[in-house]
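Student: dropping a prediction and its sequence here:
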Amino acid sequence: QLHVVESGGGLVQPGGSLRLSCAASEFTLDFHAVGWFRQAPGKDREWVSCISGSGSSTIYADPVKGRFTISRDNAKNTAYLQINSAELEDTAAYYCAVVQWYGSACPKRRELYEYWGQGTQVTVSS
């Protein structure tokens, strides 16, 4: 069964860094856009960032622009989300999702994504 698995979450202090990974299983990430979403307690799941299948296009939500970096290594079948300058508001469960996507960009709408991971918790606290 096709699926993706997130890892790398944990506790980080404000201003600290963390790198999340999204590993694909039973399929290759080539020609798949990868999106990262997050959901804080009591809030809707929100889109954070996405990267095109080739990696040439990346898009970020305004709250994370300049602090988060999305990347991918197709040879390792893995995508990443680097979190820098972590803020308290970044505390959430983070999910990666993938969809077969041949366009040059990547989708922001969560309903377009086909496969989702189970999430990894990121807690920003001093």
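Tutor: Right, received. Where do you want to start? Numbering: from 1, shown residues only.
Student: the residue positioned nearest the centre of the chain: what secondary structure?
Tutor: Taking Cα atoms, centre = their mean, the centroid of the chain lies closest to Trp36, which sits 2.6 Å from it. Classification of Trp36 using DSSP: H, G, I helix; E, B strand; the rest coil returns strand.
Student: heads up, I number from 30, so please use that
Tutor: Shifting the count to begin at 30 puts that one at Trp65.
Student: what's across from it in the sheet?
Tutor: Ser78, Cys125 (DSSP bridges).
Student: pLDDT score for it?
Tutor: Note for Trp65: predicted pLDDT of 98.
Student: any idea how far Asn103 is from it?
Tutor: Taking Cβ to Cβ, to the nearest Å as the measure, Trp65 falls 17 Å from Asn103. The C-beta positions use only the backbone N, C-alpha and C, and glycine is treated the same way.
Student: and for Thr149?
Tutor: 21 Å.
Student: compare these two and say which is more crowded by neighbours.
Tutor: When Thr149 is set against Asn103 and neighbours are counted by other Cβ atoms under 10 Å, the residue ahead is Thr149, at 20 against 16.
Student: mind pulling up the pLDDT for the closest residue to that one other than its chain neighbours?
Tutor: Distance criterion Cβ to Cβ, 6 or more residues apart in numbering; nearest residue to Thr149, sequence neighbours excluded, is Gly38 at 3.3 Å. On the pLDDT scale, Gly38 is placed at 98.
Student: then the one 10 residues further on?
Tutor: Looking at Arg48, its pLDDT is 98.
Student: alpha carbons of the helix or strand where it lies, as PDB, please.
Tutor: If you go by DSSP states H and E, Arg48 is part of strand 47-54. Provided in PDB are the C-alpha atoms of strand 47-54 (Å, rounded to 0.1, in the frame of the first residue of the first chain):
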ATOM      1  CA  LEU A  47      14.100  21.300  13.500                       C
ATOM      2  CA  ARG A  48      14.100  19.300  10.300                       C
ATOM      3  CA  LEU A  49      11.100  17.200   9.400                       C
ATOM      4  CA  SER A  50      11.300  14.300   6.900                       C
ATOM      5  CA  CYS A  51       8.700  12.700   4.700                       C
ATOM      6  CA  ALA A  52       9.600   9.300   3.300                       C
ATOM      7  CA  ALA A  53       7.600   7.600   0.600                       C
ATOM      8  CA  SER A  54       7.000   3.900   0.600                       C
END
